[in-house]
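Next one to model:
(chains A and B)
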Amino acid sequence: MSAVGDGRPAAGDLVRVEGLRVSFPGQPRPAVDGVSLSVAPGECVALVGESGSGKSVTARALIGLAGARARVSARELTVAGADATGFGERQWRSVRGRHIAMVFQDALVALDPLRTVGAEIAEAARLHGAVGPEGTEAHVVDLLTRAGVPEPEARRAQYPHQLSGGLRQRALIASALAADPPLLVADEPTTALDAIVQAQILRLLGRLTESGRGLLLISHDLAAVAQLADRILVMRQGAVVESGPAERLLTNPLHPYTRMLLDAVPGTGGHGRPVPAPKAQSTVPAPARQARPVRAVPRGTARTGPGHDRVERTVLEGRDLTKSYGPEGRRALDGVSFTLRAGEALGVVGESGSGKTTLARVALGLVRPDAGEVLLHGRPWSAPAERDRRPHRAAVQFVQQDPYASADPRFTVARVLGEALPGLRRSARAERGAELLRQVGLPADLLSRRPHQLSGGQRQRVAIARALAPGPEVLVCDEPVSALDASVQAQVLRLLDRLRRETGVALLFITHDLAVVREVTERVLIMRHGSVVEEGGTDTILTTPGHPYTRELVASVLRLPVRAPARDGAGQGAGEPPLSGPVPQPITPLRGNDV
Amino acid sequence: MRASVPGLPPWARFAARRAVAGVAVVWGTVTVTFFAIHLAPGDIVDGLIGPGAAATPELRRQIAAEAGLDQPLLVQYGQELRQLASGDFGWSYQLGQPIGRLLGSQVWPTVQLAVSALATALVLAVLAATLTAGRGRAVRGAAALTELLAVSMPSFWLGIILLTALSYRLHVFPSIGAGGPASLVLPTLSLALPLAGLLAQVIRHELETADGRPFVLTARARGLGERALLLRHTLRHALLPLTTLAGFVLGGLFGGAVLVENIFTRPGLGRVLASAVGSRDLPVVTALVVLSSAVFVIVNTLVDLLHPLIDPRLREGGAA
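Numbering: from 1, shown residues only, chains lettered A, B, ... in the order given. So this is what the prediction gives:
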């Protein structure tokens, strides 16, 4: 908690930079423009910003790794007490890992996949002479132990892909600690992790600062940063827009951008809860005749109009679904049942490996269950041959996690949408494409763009427009916002909610993120190891979770401290959770807890 | 075949599956060769009699009957398969000696040539790629141009150039024969240079791709130097596509050996093949086709067995 004043020179700072500027040839504006920061021993400084804000480039510039083509300048750059502005490659190498060590996102790719984690950690230790050849083995085991890896002797001989996400992130942290650096720079260290594991890793990082190490934490996630940071710098388009002590900044943000970021944290109640009343008349512009899908409407169901008797009617139903993969028959789904009513939003929450993505594929009719079946309007959906299912495919559409990977990079938006509108004439297709874009809140002139010319949020909106094109009754969304920045995330969630109310499309919303599921769904299934452990109203489950696993999951949701001048009113404790309604457990401060 | 044998490690099961598939491949090449030769215009008996010798129709019939050529084609095909399956390649029409012995005496110079050419190509390619990967535009442009030239240069033409320059003019290396290591240099280079050009392009691309990966950033962030990074990390990642390609081009080396052995008048299978095709020495051609397809299958199976050793993610049956 030292050096609170921003940029104030302090003798003991582990790193200090003034007026950092990083630009790349061919880029219209510098990636980093005039950033100043310092980290003192035992202090956690957080650099927060959305993608493209320059936070990662800033971090890399601190160890001379901004890139071969980067032009870096600074009024002052002090690393380990030495002026680093004139450092050559050799001097930088002696600093990297020894004085400043980096922890990156997703150890699956941040550690060499062809080498054991032990070899990676040993390399880091030997490089700076932290150990001799004889002591390496014991040192590696010790580092793994300190990073909270159980059975370190066995783990050290394993490869990154053989470890769980949490364990390999710990191994990555162990490799960063190998030469006992006084400063750790963690660039999105928990972004790829499940919520429960994320909380554990944050606790581990917190313990490291308590032993006197400095931590520069880089993240897009204010809620994660709030757990650890002493000071926070908010970056936008290469510049720091606001900085200050974490408590002040989180509770009393001065800059509108900071406020926007805080509002965008899911589950903060920053924007209105969706109204769970799918009563609205359909405002979908009627698709041209040829494009209207053949809907699997049971005979006898009078289709008096869209939105009518929707609340009761079940669109998609899964009965006792079971699916195994691999020669060992690992159960991805183990007796899962669900019902999705017309116009409803049903959340499916689980961590990686819980079977939720398999459920999405089975619901889409892309994967055939080993046992059980899926019914669309009470008719067999998973059982028939693909040829018989295809005419009805328009009724169930898909929105995937990565909008960039889910569209052909060579296609224009018009072609991406046009593919979902077969049988339309060219002019009609363009017209309908523009309509669809308008529906998802995009201007029609994006039709001529290609995916790489769009922002992440725009790409996901295009993906949603494509899913809406054939006029579906069910939208299966598999982690639709987890690849997006928080502010964009909130917008896309609002869009999905609005579309559901306007068009009456039902959402099967699959996510690992409890806070997200709260924004859009009324009912939720909690999945673990291929089974549903709990099911019920979203509010009920989040406020009074019954199953121990759900309780653990709810407790792992990271929360922001409540804002001081907030509408919630004064007089409430600083521990008031932003999730409205009662919370099962008081928030325990994460720092200082044993992992 | 489909039922998994319990108790065998995955790689052994894989090798067994590939052995079965390999036999099928060899059988396929035998079949195609057999019918191609028998259905091609011209009479095989001419090949039996040899060039320049005239024979009466009766004599021709007699020779054909002795060789079994008067039988229906399918019967001949069956006999051929039976003979090959028992490991007997038969007798050469032209040389009048058992083909097994013929190939045995000629295989060694060709193996020497192929292995030294492949090794030279690999060394040259790795050197060229590691020295130029990630460098500035001028260096990479020059390297790419050199490689393009090397790739597009036919081995026989390169061989003639090398002969003219280094053998006839400068007398550095002998021009013919297979006497000692010196005689191997020029044939090896003529085969290796085009290969090296191809491999270098692949390796450099792999090195540059690997350079953008997060684990390389991690390694640099822990203070690793560029040379150690190359040796311990990125080169190993380039090894996977490199071995795949090397297994592939080894098959092509055999074709290249035909030309190069003839230019340098080296003994070897390439020369045997060239003369056998010219004189329609059917059993010899068939034997060489079987041999080369078997080598191709074996080498590529070995490469596939090597991959899990390089990349641990390919162990455990590929499931990551």
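
Can you give me the separation between the most centrally placed residue in chain A and A:Ser243?
Central residue of chain A (CA atoms, centre = their mean): A:Ser482, 3.6 Å from the mean position. Distance, A:Ser482 to A:Ser243, by CB to CB, to the nearest Å: 28 Å. From N, CA and C alone the C-beta is placed, and that goes for glycine too.

now the stretch 201-320 of chain B, which segments are flagged as low pLDDT?
Applying pLDDT under 70 to the stretch 201-320 of chain B picks out residues B:316-320.

Ok, the stretch 51-200 of chain B next?
B:51-54, B:175-179.

cool, and the stretch 151-300 of chain A?
Residues of the stretch 151-300 of chain A meeting the criterion pLDDT under 70: A:266-300.

Quick one: the helices in it, in order.
A:152-155, A:165-176, A:195-210, A:222-226, A:246-251, A:256-264 (DSSP state H, counting those that start in this stretch).

Kindly tell me how buried residue 63 is, as a neighbour count.
The chain I'm using is chain A. By other CB atoms under 10 Å in any protein chain shown, the residues close to A:Ile63 number 26.

could you do chain B instead?
Going by other CB under 10 Å, the residues that sit close to B:Ile63 add up to 17.

what's the helix or strand for the residue nearest the centre of chain B?
Chain B has B:Gly251 as the residue nearest its centroid, 2.5 Å off, counting by CA atoms, centre = their mean. Assigning secondary structure by DSSP states H and E places B:Gly251 in helix B:235-263.

And B:Val26, by the same measure?
helix B:10-39.

thought A:Val374 was touching A:Arg361?
No: with contacts counted by CB atoms under 8 Å, A:Val374 stays clear of A:Arg361, the gap being 10.6 Å.

So which of these two has more stuff around it?
Looking at A:Val374 and A:Arg361 with other CB under 10 Å, you find the greater number of neighbours at A:Val374, namely 22 against 18.

What helices and strands are in contact with the helix holding B:Gly251?
helix B:99-132, helix B:155-162, helix B:182-211, helix B:269-278, helix B:282-310 (3 or more CB pairs under 8 Å, 6 or more residues apart in numbering or on different chains; DSSP states H and E).

among those helices, which is nearest A:Arg146?
helix B:182-211 (30.3 Å; CB to CB).

Are the following helix or strand past the closest one and chain A in contact anywhere?
Using DSSP H and E, the helix or strand that follows helix B:182-211 in sequence is helix B:214-221. Yes: judged by CB under 8 Å from any CB of the partner chain, helix B:214-221 comes into contact with chain A through B:Pro214, B:Phe215, B:Leu217, B:Thr218, B:Ala219, B:Arg220, B:Ala221.

Which one (most neighbours) among these?
B:Ala219 (28 neighbours).

That residue contacts B:Leu229, doesn't it?
Yes: with contacts counted by CB under 8 Å, B:Ala219 reaches B:Leu229, the gap being 5.5 Å.

which one is B:Arg315 nearest to, not counting chain neighbours?
Using CB to CB, 6 or more residues apart in numbering or on different chains and skipping residues adjacent in sequence, the residue nearest B:Arg315 is B:Pro308, 4.6 Å away.

ok, now A:Leu493?
Among residues not flanking A:Leu493 along the chain, A:Glu519 sits closest, at 4.6 Å (CB to CB, 6+ apart).

which outside residues touch the one helix or strand that neighbour maps to?
In this structure, A:Glu519 sits in helix A:514-520 according to DSSP H and E. Contacts with helix A:514-520, where a contact means CB atoms under 8 Å, 6 or more residues apart in numbering or on different chains, come from A:195, A:265-267, A:273-274, A:345, A:347, A:349, A:481-482, A:489-490, A:493-494, A:496-497, A:500, A:507, A:509, A:511, A:524, A:538-539, A:542, A:553-554, A:557, A:579.

A:Ala442 in helix, strand or coil?
You called it Ala, but residue A:442 is Leu. Here A:Leu442 is coil, with the state taken from DSSP: H, G, I helix; E, B strand; the rest coil.

The one 5 residues further on now?
Classification of A:Leu447 into helix, strand or coil gives helix, according to three-state DSSP.

what's around the residue nearest to it when sequence neighbours are not counted, how many residues?
Excluding its sequence neighbours, the residue lying closest to A:Leu447 (CB to CB, 6+ apart) is A:Ala414, at 4.1 Å. Neighbours of A:Ala414 under the rule other CB under 10 Å: 19.

Restricting to C-alpha, output whichever strand or helix holds A:Ala414 in PDB.
For A:Ala414, the element it lies in under DSSP H and E is helix A:413-419. Output in PDB follows, covering the C-alpha atoms of helix A:413-419 (Å, rounded to 0.1, in the frame of the first residue of the first chain):
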ATOM      1  CA  VAL A 413     -21.300  -9.600 -44.100                       C
ATOM      2  CA  ALA A 414     -23.800  -9.600 -47.000                       C
ATOM      3  CA  ARG A 415     -22.600 -13.100 -48.100                       C
ATOM      4  CA  VAL A 416     -22.600 -14.400 -44.500                       C
ATOM      5  CA  LEU A 417     -26.200 -13.300 -44.100                       C
ATOM      6  CA  GLY A 418     -27.100 -14.300 -47.600                       C
ATOM      7  CA  GLU A 419     -26.000 -17.900 -47.000                       C
END
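
what's in contact with stretch B:254-265?
B:109-110, B:113-114, B:117, B:155-156, B:159-160, B:163, B:175-177, B:183, B:186-187, B:190-191, B:266-271, B:273-274, B:292, B:295.

Ok, stretch A:364-384 next?
A:296-298, A:301, A:314-324, A:333, A:335-337, A:358, A:361-363, A:386, A:389, A:392-393, A:395-396, A:398, A:474, A:476.

how about stretch A:215-235: buried residues?
A:215-235 (16 or more other CB atoms under 10 Å in any protein chain shown).

Take these and keep only those in strands.
A:Leu215, A:Leu216, A:Leu217, A:Ile218, A:Ser219, A:Arg231, A:Ile232, A:Leu233, A:Val234, A:Met235 (DSSP state E).
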